[in-house]
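K.L.:
How does the following fold in three dimensions:
(3 chains)
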Amino acid sequence: MSEIVITRTREQLKREYYKALSRKLILLTVCITGILLFIGLFSLSVFDSISLGETYEIIWNHIVGNNDYEPRSLEWWADRYIWNRSIPHILVAIIAGCCLSICGALMQSLMSNPLADPYTTGISSGACFGAVTAIIAGITFSSITGEMGIVTNAFIGAMIPALIIILISARIRMTPATIILIGTGISYFFNSMVTYLMISTDADTLKTAYIWQVGSLDGMTWASVPLMFTVTLVGSILVLLSWRQLNLMSLGEESAVSLGLDVQKFRILCLILMSLMTAGVVTYVGIIGFVGLVAPHIVRLVIGGDNKYVIPLSMAVGTLLLLFADYVAIQFANLPVGVVMSLIGSPVFLILILYNHKSRGVLY
Amino acid sequence: MNRIEEAKKEYKAAERKKLMLILVFVVLVAITVPITLGFGVYKISLVDSIITFIQHITGNITNPKADTFIWNVRLPRALGAITIGAGLSVAGAVMQNDFKNPLAEPYTMGISSGAFFGVVIVIVSGACIIPGLTGQSAYMVNAFVFSIIPIVLILLVAKFRKVTPVAMILIGIAVMFLFNSISQVMLLASTAENLADAYSWRVGNTSRIGWSELPLLIAVTVVAICLVWTLSRKLDVMYAGDRGAQSLGIRPNRLRIASMTIVSLMTAAIVSVSGTIGFIGLVGPHIARMFVGSNNKYLIPASAAFGALFIAVTDTIAKVTGPDGLPVGVISSLVGGPLFVYILIKCRSKVWM
Amino acid sequence: MDKKTMTIIAVVAIVAIVIVAVAVVSMNPQKDTSKSDVRYALQVMGNADEDTTITSKDVTIIEEIIAGSLSFKDYPYADANNDGKVDKADVDLMKNIMERKNGTKMYVVNVDVSSADQSKYVSEVTYPLSKIVPYGVNIVEPIVAIDGGKNVAGYFAKGYPVQEASMMGEDLKGGSRSIGDAAWKNFLTLDSKVHVDAFVISYDNRAQLLDTYVDDLVAASIPLICYAAANPDGEVTAALTIGFLMGGESEKLGKKYADIYENVLDKVDTVTKKKAEADMSNYLSMIMYSSICQNDSTYNNTGAAAGGIPYYKVDSDFAQLYKGTGSTALSTVEGLSNIHADKVLNYRSIDQITSSSVVKKEIIETWEHENSKKISAKMLFEHADFDNDDFYFINNVLASPIKVAYSAHILYSDSLSKEWANSILQEFIDSGFTSYKGKTITENFITIFNYQDYLDAKA
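P.N.:
From the prediction side, this is the model:
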C-alpha cells in the first residue's frame, strides 16, 4: 500500500486558512472605512460655499431640531439642500452601488460567465424603452405624467424582458447560453425602438433621453429612496442567504444537479429577484454600467471565488466605487455619474483582464 | 446498387439541394433590387421607376427629376444595401467560426465603437486624421482609421506572444468600452445638436451611399468574401478543434488572425460608410446554417446571399416607413430581435447552442 | 289760440327737445368699458380691460363692477389684489400701481406652471423687479432687448454672447437647455446673497424645472413667472409684462415692443383681408438646416402670425406624417420632393455679427452645412421644386415682431416689401432696444437669405 504523503502539516493548513480569512476581513474593513471616510469627507462637502465642519454643524442642528435659520440665508438654504437633496443623493449612491454589484456577482455566478452584468438579460433595454417613451413621446403606461411618469414607465419597461424570459423558460429548457441569447434578442428589439424614438425627436429632447440612459444621480430626492431601499434590502438578504447554492452553481450545471440543486428553478428565481432589484435602481438612476461588472472581479482578485464572502464584499467594493465616481463627477467633471463610471471602469476592466489572464491563464 | 452508391447519390443530392437554396436566395435578391427602386419618399410608381431606369441605360431620359432620384439616389442605395448585407453576414459567419461562439458578430472586435469615436472627433472638433478633409469624406476616413485600431492592437500583441481567441475578444471588448466612454464624454460636453448628429450617424443608414462610395465598398466586400471563401476548408478544420487542425498541418492561430483581419477590414469599410447596422452579422449566419449546414463552402455564400436579401428587403421597408423613411438599422433590429428569439425557441436543435 | 297754432307750437317744441336731447347725449359719450382684443395683454391683475397698459379706464371698470353695472365674470383681471372679489381694496391698490409706488405687491398672471394645461396662474411680485433669474433662451432675448439685462441677478447660460452682452449678473454655469444640480446649488448660493425677486422661465423649458426645484422656490417665496415665449404672442406678452414690472426704461421699451408688434400685425391684416382664400400663401417651417417642423411645433406660430397658412392644413398626407410638436430630420435628398408648399421658412439662430464680411461666410456655411447623414439645405433645395424666393433662412435670434415682419414679406412679397420689413428692424434699432442700440442692419445683423443670396455670396 502506497503512502499518501501529506505535504502540509495541520499547523500550516491552519495558518493558511487564517491568512485567507484575514484577507477577506481586511478587504471588508478597508471598504467600510473607505465608504465612511468618503461620505464623511467628500460626498458631504459638495455644497461649495459651506465648509465640511459647517456641514456637520448643520446636520447636527437639524437632528436636534435647532434649525430655524433666517429664511433664504446661506445656512437656511444649505440646511434645506443637505437634508432634501444631498443626503438622499448619497443614500441612492450607496443603495445603487450595493444593488448593482450584488446583481453583477449573482449574474456572473449564475451564467458562469465573467462578462455577465446585471443588464445581460435585456433589463436595461426595457427600462430605456420605458423611460425614453415617457420622455420623448409623453406616453405612459399609467396615467401618471411628468417625472413620476418616467419612473413608473421605466420600471414597467424593465420588467418586460424579465417576464418574457420567465414565460419562455416555462416552455423550454434554459441554459445560460439560451438566456443570454434571448436577452440579446430582446435587447435588439427594444434598442431599435429606443433608437427610433431618439432619432425622431429634436436635439434637446434627445440629449435629455441620452443623459437618462447614461446614468445620472442628478435630481434625487427622498421620494427616490423607498422603493430602491426595500427592493435592495430584501433582495440582498435573500442573495446573501443563498451563498451555498451559488457556490454549487459555479461548479457547473451537472455537478450542481448531482449535488441536489434544482438548477432550473433556482436560476429562474434568481433572475426574477435580480430583475426586481436592478429595475428598482435603474428606474431612478438610469443605466450605470461597470459597477456590476467590475466590483465582483476586484473582489475575486483579492479573495478568490467563495460566494459566502464575494457577495457581501462586492456590495462594499461597488458602493465605494460608485461614491468615488459620483464625487469625481460632481466636483471635477460636471458630467453624469454613468460617464465617469465608464471612464474609470474601462481601464480598470482592462487591467483586471490582463492581470487575471496572465497570472491564472484563465479568467475566473 | 450497393450501399456506397446510394450514399454517394444521397450526398450529391444534398449538395445539389444546398446549391439550389443558395441560387434561390440570389434570384430573390436580383428581383428585389429593381423592386426597391420604386420605393421612397419621392412619389413614383414601380412601373415608372423601372421605365426610368431603362431609359437611363438607353440614354433616352424623359423625366430628368425622376432620373436623378432613381439613378443617383435609389440605385446606389440598393446596390450598397445588398453589398452591406452580404459583407456583414459573411463577417459574422467567419467570426463565429473563429471564436466558436454563437454570439460572435462582426462588431465583436470593437469596430463600431472605434468608428463612432472617429466620427465624434470630426463632429465635435472638425479635425480629421487627414488634415483639411471636410464633409462626408472626413467622417468616412476617420471612422475607418479608428475602427481598425483594435485589429492593429491584436496584431501587435500577436507578434510578441500567443493570443488565444478569448484574449482577442477581451481586447476587443476593452477597446470598445474605452472608446465608448471617451465618445460619451466628448458628446456630453458639446452641444445637443452634435449629439443628435453623432447619434444619427451611428444608427445604421444606407441613405448616405452614393456612386462615389459604391465602387470601393463593392470592391472591398467582394475581395474579402472571395478570400475568405478560398479559406473555407481550412476554417472548417479549425472549427473542429485547434489540436485537430494542428495535426492536419494548419496553424490555427495564424488562420484565425488572418481571417479575422480580412473580415474586420471589410466590416470597417462597411461601418465607415453606413454606420452600425446590427443584427444581420449575428443572425444571418445562424439562419443560413439552418438551410445549408455548417460546411463553410456553402455557408459563406449562403450567408452572403441571405444577408443581401434581408438587408435589401428591410431597406425597402425602411424607405417607406414614417415621413422620411427610417434608417435600415432600426428596421433590421426591430424585425430581427423577435425573429431571433422565435428561431431560438423553435429550432434549438438546428441552431447552434 | 286756435287748433292750428297749438299744433305748430307742439311740433316745434318736440323737434326742439329732440335736438337738445341728441346734443346732450352726443356731448357726454357712453363710458368705454369694452375689452381690448389684443392677443398679448399686459398680464398684471388690475389691467381690467386686458390691453397693453394700466390706465384710468381700468379703474373705471373696477368702479363699475363695484357699483354693479358690470359683471366681475366678464372682467377677471379687475381683481387687482387677487383676493377673489372686486372691492375698494382693489381701487386702493390700483392707485399705488398707477403711481408705480416702490414695494407695491402686484399680481402677475402666468401660463400655468404646474400642469400641462395652459390655464392661468397668478404669482405675487414686489414692484419693481431688479434681481431676476431668467432661464430659457426664448425668454432671455426679450428681457435683454428691453434693457432688462441690468436687472438680472444671475443667469444659467448665455446662448448668444454678442446679442446678450448687456446681461449682467452671475454665471450660474447651467446650460441653455438644462439646469442640473450643480447650477441649482449656485442659484441657491446666489439667492442667499441677494434675495432673488423672481424666477422667469419660458414655457417650452418648463420640463427642466424639476419638482424639487419648484419646491425650493415655493419655500423661499420666490415668485415664478412663466410665458410661452417660443410663440410671438407669448414673447411680446413677456416683454410687455416683465418690462412693466421692472419699471423705468424697461417699461417704456416693453410697451414699444407691443406697439411695434401691433403695427406689424395690423399691416399684415390689411394685406391678408384683401386676399381671397385661394390666394393665401402657405408655408413650411424648418429648423436645424434640414429638419422639418411637425404640425404643432411652436415654429409654425411665427408664420401664422405673419398671415400664412401652415402647410399641414392644406396637405392631409403631410399632416398625417408629421404629427407632433418637435421636428423630423430629413435623411435623403428626396425629403422635400413631395412637399409643394408656397414658401419654406427655415429658422436658424445666428448671433449678431461684427462686420459684413462675416455675413458671406455665414450664408455659405448655413446653406452648405452637411449633417452626418450627408444632407444639406443646398441639396434639399436643389432636388425640390422651389424657386429662389420661395425658400428662405430666417435668423431666429431676432425679436418676434421683426421675424413676423420678414416672414410676412416672404409670404406676400408683392404687397409687403423687404424695405418695409427692414424698417421694422430699423425701428427696433432707433427705439433704443438694448441689444439693437447703435447697430446697423448691414453691419451687424443677418436677417433673411435665400438661394440667390447664397450664389451671390459664393461669387
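K.L.:
Distance from stretch B:118-137 to the middle of the chain?
P.N.:
24 Å (CA atoms, centre = their mean, to the nearest Å).
K.L.:
do it and chain A meet at all?
P.N.:
No. Stretch B:118-137 stays out of contact with chain A when judged by CB under 8 Å from any CB of the partner chain, the minimum separation being 12.3 Å. Just so you know, the C-beta spots here come from the backbone N, C-alpha and C atoms, and that holds for glycine as well.
K.L.:
okay, and for the chain, where does confidence drop off?
P.N.:
In the absence of a named chain, chain A is used. Chain A contains residues with pLDDT under 70 at A:1-6, A:46, A:139-146, A:356-364.
K.L.:
let's do chain B instead
P.N.:
Looking at chain B by pLDDT under 70, you get B:1, B:347-353.
K.L.:
On the pLDDT front, check residue C:323 for me.
P.N.:
Residue C:323 is assigned 88 on the pLDDT scale.
K.L.:
Once you drop chain neighbours, what's closest to residue B:283?
P.N.:
Spatially, and ignoring its direct neighbours in sequence, residue B:283 is nearest to residue B:340 (5.1 Å; CB to CB, 6 or more residues apart in numbering or on different chains).
K.L.:
which residues does that neighbour contact?
P.N.:
Taking CB atoms under 8 Å, 6 or more residues apart in numbering or on different chains as the criterion, residue B:340 is in contact with A:181, A:184, A:185, A:188, B:279, B:282, B:283, B:286.
K.L.:
Verify the stated contact: the fourth one with residue B:278.
P.N.:
Yes. Using CB atoms under 8 Å as the test, residue A:188 is close enough to residue B:278 to be in contact (6.6 Å).
K.L.:
Need the residues touching each of the two.
P.N.:
Contacts common to residue A:188 and residue B:278, judged by CB under 8 Å, 6+ apart, are B:333, B:336.
K.L.:
Point out the other helices and strands that the lengthiest helix in chain A packs with.
P.N.:
Scanning chain A for the helix with the most residues, using DSSP state H, yields helix A:10-37. Secondary-structure packing of helix A:10-37 (3 or more CB pairs under 8 Å, 6 or more residues apart in numbering or on different chains; DSSP states H and E): helix A:291-303, helix A:307-328.
K.L.:
out of the ones you listed, which comes closest to chain C?
P.N.:
Comparison of the helices and strands packed on helix A:10-37 against chain C by CB to the nearest CB identifies helix A:307-328 as nearest, at 11.1 Å.
K.L.:
I'd like the next helix or strand past the closest one.
P.N.:
As assigned by DSSP states H and E, the chain's next helix or strand after helix A:307-328 is helix A:337-360.
K.L.:
so does that next one get close to chain B?
P.N.:
Yes. Applying CB under 8 Å from any CB, one finds that helix A:337-360 is in contact with chain B at A:339, A:342, A:343, A:345, A:346, A:347, A:349, A:350, A:353, A:357.
K.L.:
now the third one: how far from residue A:206?
P.N.:
Between residue A:343 and residue A:206 the computed distance is 22 Å (CB to CB, to the nearest Å).
K.L.:
list the contacts for residue 81?
P.N.:
The chain I'm using is chain A. By CB under 8 Å, 6+ apart, the neighbours of residue A:81 are A:47, C:185, C:188.
K.L.:
right idea, wrong chain: chain C
P.N.:
C:45, C:89, C:90, C:93, C:105, C:107.
K.L.:
Among those, which one has the most neighbours?
P.N.:
Among these, residue C:90 has the most neighbours (other CB atoms under 10 Å in any protein chain shown), with 25 neighbours.
K.L.:
shouldn't it be in contact with residue C:62?
P.N.:
Yes. Judged on CB under 8 Å, residue C:90 makes contact with residue C:62 at a distance of 5.5 Å.
K.L.:
between those two, what contacts are shared?
P.N.:
C:46, C:78, C:80.
K.L.:
just checking, which of those residues belong to helices?
P.N.:
Going by DSSP H, the helices hold none of the shared contacts of residue C:90 and residue C:62.
K.L.:
Restricted to buried residues, select those in ChimeraX.
P.N.:
To isolate the buried members of these in ChimeraX, using 16 or more other CB atoms under 10 Å in any protein chain shown:
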select /C:46,78,80
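K.L.:
mind checking pLDDT for whichever residue of the stretch 251-400 of chain C sits closest to chain A?
P.N.:
Closest residue of the stretch 251-400 of chain C to chain A, CB to the nearest CB: residue C:326 (4.4 Å). pLDDT for residue C:326: 84.
K.L.:
if I've got this straight, residue C:124 is in a strand?
P.N.:
Yes. Residue C:124: assigned to a strand according to DSSP: H, G, I helix; E, B strand; the rest coil.
K.L.:
Could you double-check that it sits in contact with residue C:105?
P.N.:
Yes. The pair residue C:124 / residue C:105 is scored as a contact, 5.7 Å apart, by CB under 8 Å.
K.L.:
Nearest residue to the middle of the chain?
P.N.:
Just going to use chain A. The centre of chain A sits closest to residue A:100, judged by CA atoms, centre = their mean, with a distance of 1.3 Å.
K.L.:
try chain B instead
P.N.:
Nearest residue to the geometric centre of chain B (CA atoms, centre = their mean): residue B:88, 1.8 Å.
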